[in-house]
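Visitor: Okay, predicted coordinates and the sequence, questions at the end:
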Amino acid sequence: MGGAVRGQRERLVELGVRPPEKPAVEAKGRPRAGAFERGLAALAQYVERERTVVAGR
């Protein structure tokens, strides 16, 4: 949420979206995780919030 303006950050927090504890760093020293790792992190956050991996339809 580093690029979000203050109002956006507040709204995201209200919706339960939290900034990462610290930026992901891979063993090769790359500053960001790949798409798969970001997806896993998003899934983990969703499961924590919703207590299920099945999206409502």
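Guide: Noted; the coordinates are in hand.
Visitor: which residue ranges form the helices in the chain?
Guide: Using DSSP state H, the helices of the chain run over 6-14, 35-50.
Visitor: Could I get the buried residue list for the shortest one?
Guide: Which is helix 6-14. Buried residues in helix 6-14, counted by 16 or more other C-beta atoms under 10 Å: none are found. (Each C-beta comes from the backbone N, C-alpha and C, glycine too.)
Visitor: And the average pLDDT for that helix is what?
Guide: Helix 6-14 carries an average pLDDT of 80.
Visitor: for this protein, what are the low-confidence residue spans?
Guide: Scanning the chain for pLDDT under 70 picks out 1-4, 22-33.
Visitor: At the geometric centre of it, which residue sits there?
Guide: A42 (4.7 Å; C-alpha atoms, centre = their mean).
Visitor: could I get the helices of the chain as JSON lines with distance to R57?
Guide: Output for those, formatted as JSON lines (distance: least, C-beta to C-beta, whole Å):
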{"stretch": "helix 6-14", "distance to R57": "24"}
{"stretch": "helix 35-50", "distance to R57": "13"}
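Visitor: Identify whichever of the ones you listed lies nearest to E21.
Guide: Smallest distance to E21 across those (C-beta to C-beta): 10.4 Å, for helix 35-50.
Visitor: by contact count, what packs against that closest one?
Guide: Here helix 35-50 touches no other helix or strand, going by 3 or more C-beta pairs under 8 Å, 6 or more residues apart in numbering; DSSP states H and E.
Visitor: hang on, the earlier thing: the residue nearest to the centre of the chain and G7: what is the separation?
Guide: When C-beta to C-beta, to the nearest Å is the yardstick, A42 and G7 sit 22 Å from each other.
Visitor: Once you drop chain neighbours, what's closest to L43?
Guide: V53 (7.0 Å; C-beta to C-beta, 6 or more residues apart in numbering).
Visitor: what's the distance between that neighbour and P19?
Guide: Counting by C-beta to C-beta, the gap from V53 to P19 is 23 Å.
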